[in-house]
Structure formats: C-alpha cells, structure tokens
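> Provided below for reference: sequence and predicted model.
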Amino acid sequence: MVLKKIYKALEKSPKFELIELPFIDVTEDPVRPELSLEFRQSHGRKIYGIRDEEGDIAAVMCFAFTHDIPKSVEEMDAMSRDAAMQAIHRAGVQGTIAIAYTVWAKKKGGGKHMVNEVYKMIKESNHLSRLVTLSPLTDMARKFHLKNGAKEVQVNLTTQNFEYDIELSEWEKLKGKVTEKWRNTTWSIK
Ligand SMILES: CC(C)(COP(=O)(O)OP(=O)(O)OC[C@H]1O[C@@H](n2cnc3c(N)ncnc32)[C@H](O)[C@@H]1OP(=O)(O)O)[C@@H](O)C(=O)NCCC(=O)NCCS
C-alpha cells in the first residue's frame, strides 16, 4: 500500500501544451459536429487543443466568451456576438466567462488533462474569471465534469451547465480589484 503510494508519487506526470488550433475537422467532434469551423472561430470564439509529449493532439475544446451563462447554442451564439461587439465599441475585454461548449478526447485521459490545462490558463488570465460548460444532456458529459471537480449550475431543456470554480488567493482577489478600479478610472477620465 505504502509502496504503491510512493511509486505513484514518483511517476512522471505527463506534460501537455495548451495551444490554439487554427484548423480542426469539425466532423470529428462527437458532440456538436453541426457547428462549422467558421462558427467556432467567429466573434472571438476559439478552439484549443493540448499537445502531448509525442507531439499529438490529445484533446480538443471549443470556447465562446460571454458575460452570462447560455442555456442553448443559440443563446451562446447571441451572447458571444454581443460580448464581441461590446469589446469593439469599448475597446474592452471580450466576455469574462469562458464557455466550453464541446470537448473530446483523441487519446485516453486527454479530456481530463484538457480541463486541467484550460483551468490553469483561465486562472492566470487577467480578464476571464469563470469557466462554465454548455454540455449536452448526456450521462457521459455529466459524469466527466462532476468527476473532474465541476459543480452543476443548471439543467436546461437541451443542455446542462457545469462550472469549474476558479479559486483565487487573497492576493489574486486584491490584484483583480485594483485592476478593476484602474479600468473604471480610465473610463471615467475618457
Ligand atoms: C468525455 C471524454 C472527453 C472524457 O475523456 P477522458 O478524460 O480522456 O477520459 P476517459 O475516457 O478516461 O473518461 C473519464 C470519465 O468520463 C466519463 N465517461 C467516459 N466515457 C463515458 C461513457 N461512455 N459513459 C459515461 N461516462 C463516461 C466517466 O466518468 C469516466 O471515468 P471512468 O473511466 O472512471 O468511469 C471522452 O470520453 C470523449 O471524448 N467523449 C465524447 C465527447 C463527449 O461526450 N464529450 C463530453 C461532453 S462536452
């Protein structure tokens, strides 16, 4: 038992690199194959993948950025268009919530590592503060997100939302408040 724990601790943890993907074959997406590449890249939306040590893409996750939690793909479409427009007009940031609307693994375990890498990216981001999913109403999606530590936000007619809590240290909270205050001051000067 003790030996097993020591072996596990000594095991080299696999390394992944989170990268933005300029192109994917959307027909490989088992969740939302109907969404075109153009949909996934317009209005500030992004496609991310994780590259493993062999240079392979182990998982893919697609994102839209919004200020609210959408209950459907249509709502997400409208919300992320709005956020993108606001960002242009106010030269501001485009949505504070990262909505992960699809994820799939190309290698076993890739899905879990994808969540971990995205979590780190959002924690380090200055403008994104929440990581929320727009998941299909499947048992797989539910088990996968709950097992990875997400909490259920709500179950909708055609989707379900889960949220990965981005825990911030006291220092990070303070830094966020100062940045926000500075941003507001800049606006009022203008
Ligand atoms: C969900 C998915 C991303 C998980 O990938 P992964 O991290 O590489 O992990 P695994 O395949 O090892 O599965 C991890 C957990 O997901 C859940 N899961 C995976 N396949 C499942 C299935 N067919 N039915 C129910 N739950 C399932 C389980 O909780 C599983 O843990 P377990 O193996 O201890 O039971 C991957 O199975 C996938 O690509 N599925 C198809 C797309 C999809 O449904 N995406 C999720 C919704 S957006």
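Yep, that arrived.

> what's near enough to touch the closest residue to Lys151 other than its chain neighbours?
In space, and not counting its chain neighbours, Lys151 is closest to Glu163: 5.5 Å by C-beta to C-beta, 6 or more residues apart in numbering. All C-beta spots, glycine's among them, are computed from the backbone N, C-alpha and C. Under the criterion of C-beta atoms under 8 Å, 6 or more residues apart in numbering, the neighbours of Glu163 are 130-133, 150-151, 153.

> again, only this time at 7 Å
By C-beta atoms under 7 Å, 6 or more residues apart in numbering, the residues touching Glu163 are 130-132, 150-151, 153.

> Mind putting the residues you listed into TSV with distance to Pro22?
What follows is these, written out as TSV (distance: C-beta to C-beta, whole Å):
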residue	distance to Pro22
Arg130	26
Leu131	23
Val132	25
Ala150	28
Lys151	33
Val153	31
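
> how near is Thr27 to Arg51?
21 Å (C-beta to C-beta, to the nearest Å).

> Quick check on the contacts of Glu163: which are buried?
The neighbour-count test (16 or more other C-beta atoms under 10 Å) marks 130-132, 150 as buried among the contacts of Glu163.

> The residue lying closest to Ser135 once chain neighbours are set aside: which element?
If the residues on either side of it in the chain are set aside, Ser135 comes closest to Ala141, at 4.0 Å by C-beta to C-beta, 6+ apart. Using DSSP states H and E, Ala141 falls within helix 139-147.

> Within the sheet, what are the partner strands of whichever strand or helix holds Ile19, with directions?
Assigned by DSSP H and E, Ile19 falls within strand 17-20. Strand 17-20 pairs in its sheet with strand 46-51 (antiparallel), by DSSP bridges.

> List the buried residues for the partner strand?
So, applying 16+ other C-beta under 10 Å, buried residues of strand 46-51: 47-51.

> So for the helix or strand just after that strand, mean pLDDT?
Next along the chain after strand 46-51, taking DSSP H and E as the criterion, comes strand 57-66. The average pLDDT within strand 57-66 is 98.

> on contacts alone, who are the packing partners of strand 57-66?
Contacts defined by 3 or more C-beta pairs under 7 Å, 6 or more residues apart in numbering; DSSP states H and E place strand 57-66 against strand 46-51, helix 73-90, strand 97-105, helix 110-124.
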